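Engineer: Here is my input, please return the structure:
(one chain, ligands or ions: 1)
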Amino acid sequence: MPVPTPLTDEERAVYEWQIWIDDFGEQGQERLKGASVLISRIGGLGGVVAYELAAAGIGKLVLAHAGNVKPSDLNRQLLMTHDWLGKPRVESAERRLKELNPRLEIVAVPENVSEANAPGLVDQVDLVVDCAPLFEERFAMNRAAVVQGKPIVECAMYDLDFSLTSVIPGQTPCLACLTPEQPPAWKREFPVFGAVSGAVGCLAAMEAIKILAGLGEPLAGTLLSCDLRSMQFSRRSIRRNPACAVCGGGS
Ligand SMILES: [Zn+2]
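Structural biologist: The predicted structure is shown next:
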C-alpha cells in the first residue's frame, strides 16, 4: 500500500474540496500522492479511470495500451483527440492527463498487458485497474497481481450493462474464480456508448481511491451489476473457488 507523502501548499489548494471529506482528509490525500496505479488499456473505460485518478491527485500512473488512435475510438475514448488520429494512443493520453495534472508522474507503455510483461508492470504499482477487453490480457494481469498481492479493480461492460468488483488477493475471489476460462461467445469488438464506459470508469476510479486511501467499503467479495437501460443496480456476494488455478481458493 502507498507510503503517505506530504502535500505542498499548491496541492492543498487544488484538492481542498475532497480534503473536506471527513474520513479522507489530508491524510487520505497524502496516501493518494504516494500511490501508483497501473491501468490496463486507456480506452473508453480506462481513459476515464485515468482522468479521474489524475484529477484526484494520484502520484503515478502506469498506462499500458498498444496501437494508434482510430476514428472508431472517438465515441468513448475521452483521452483521444481528432488531431491525434493515426498516432499512438498512450501519447494522446499522456498529453491530456498532463494538461489536467502537470504534477502527475506517467509511465506510458505502448503495449497491451501480456503474460510476458504483466509481472514487471504490476511490480511498479500499488494497485491495478483492469479495463482490458480480452481475456488473455485480463488473465495475465490477474495472475501477476494475485502472485504479488496487489489489489485489482475489475471492470467489464457490454451494450448498456456493466459489472464491477474489487479483488483483494488472499481475501476475495480473483477473476479466475469467477471466470476460469474465456466465455465462448466473447467478442473483441462490442456495442457500447461512451456514457456507459464513462459510468463504470468513474465507479472504478472511486473503488481505487477507496482502497488506496482506506476509505469506505470497497466491493470486496461483492459483484455490482448495472443495467443502464432500466437503471437497475444489483449487488451479490461472490465466493472464492477452492479449486481456482490462480489464487488456490479459500477456506
Ligand atoms: Zn481465484
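
Engineer: show me where the stretch 151-251 of the chain has strands.
Structural biologist: 152-158, 161-167, 222-227, 232-237 (DSSP state E, counting those that start in this stretch).

Engineer: The second one and the ion in contact?
Structural biologist: No. For strand 161-167, no contact with the ion is found by CB under 5 Å from the ion; the gap never falls below 8.3 Å. All C-beta spots, glycine's among them, are computed from the backbone N, C-alpha and C.

Engineer: Would you mind measuring from residue 16 to the ion?
Structural biologist: Here residue 16 is placed at a distance of 41 Å from the ion (CB to the ion, to the nearest Å).

Engineer: what's around that residue, how many residues?
Structural biologist: Residues lying near residue 16 (other CB atoms under 10 Å) number 10.

Engineer: Please list the residues of the stretch 101-250 of the chain that sit near the ion.
Structural biologist: 174, 176, 177, 244, 246, 247.

Engineer: Can you give me the neighbour number for the closest residue in space to the last one that isn't next to it in sequence?
Structural biologist: Leaving aside its sequence neighbours, residue 247 sits nearest to residue 174 (CB to CB, 6 or more residues apart in numbering; 4.3 Å). By other CB under 10 Å, 27 other residues sit near residue 174.

Engineer: Can you give me the pLDDT of residue 174?
Structural biologist: Looking at residue 174, its pLDDT stands at 97.

Engineer: Verify the stated contact: it with residue 248.
Structural biologist: No. Between residue 174 and residue 248 there is no contact under CB atoms under 8 Å: 9.5 Å.

Engineer: if we can go back for a sec, which of the residues of the stretch 101-250 of the chain next to the ion has the largest number of neighbours?
Structural biologist: Going by other CB under 10 Å, residue 174 tops these with 27 neighbours.

Engineer: who's in contact with it?
Structural biologist: Contacts for residue 174 (CB atoms under 8 Å, 6 or more residues apart in numbering) come out as 142, 146, 152, 167, 240, 244, 246, 247.

Engineer: For it, give me the backbone phi and psi.
Structural biologist: Torsion angles at residue 174 (phi, psi; degrees, to the nearest 10) stand at phi -100, psi 180.

Engineer: Look up how far residue 168 lies from it.
Structural biologist: Taking CB to CB, to the nearest Å as the measure, residue 174 falls 9 Å from residue 168.

Engineer: sec struct for the residue in the stretch 1-150 of the chain that the ion sits nearest to, please.
Structural biologist: The stretch 1-150 of the chain approaches the ion most closely through residue 146 (6.9 Å), counting by CB to the ion. The local conformation at residue 146, judged by DSSP: H, G, I helix; E, B strand; the rest coil, is helix.

Engineer: Of all residues in this protein, which one is nearest the centre?
Structural biologist: residue 129 (2.4 Å; CA atoms, centre = their mean).

Engineer: Strand partners (parallel or antiparallel) of the host helix or strand of that residue?
Structural biologist: Taking DSSP states H and E as the criterion, residue 129 maps to strand 127-130. Paired neighbours of strand 127-130 in the sheet (DSSP bridges): strand 36-40 (parallel), strand 152-158 (parallel).

Engineer: So residue 240 sits against residue 173, correct?
Structural biologist: Yes. Counting by CB under 8 Å, residue 240 does reach residue 173; the two are 4.7 Å apart.

Engineer: quick one: which of these two has more around it?
Structural biologist: Remark: of residue 240 and residue 173, residue 173 carries more neighbours, 24 against 19, as counted by other CB under 10 Å.

Engineer: which residues does the more buried one contact?
Structural biologist: Counting by CB under 8 Å, 6+ apart, residue 173 has contacts 165, 167, 221, 238, 239, 240, 241, 244, 247.
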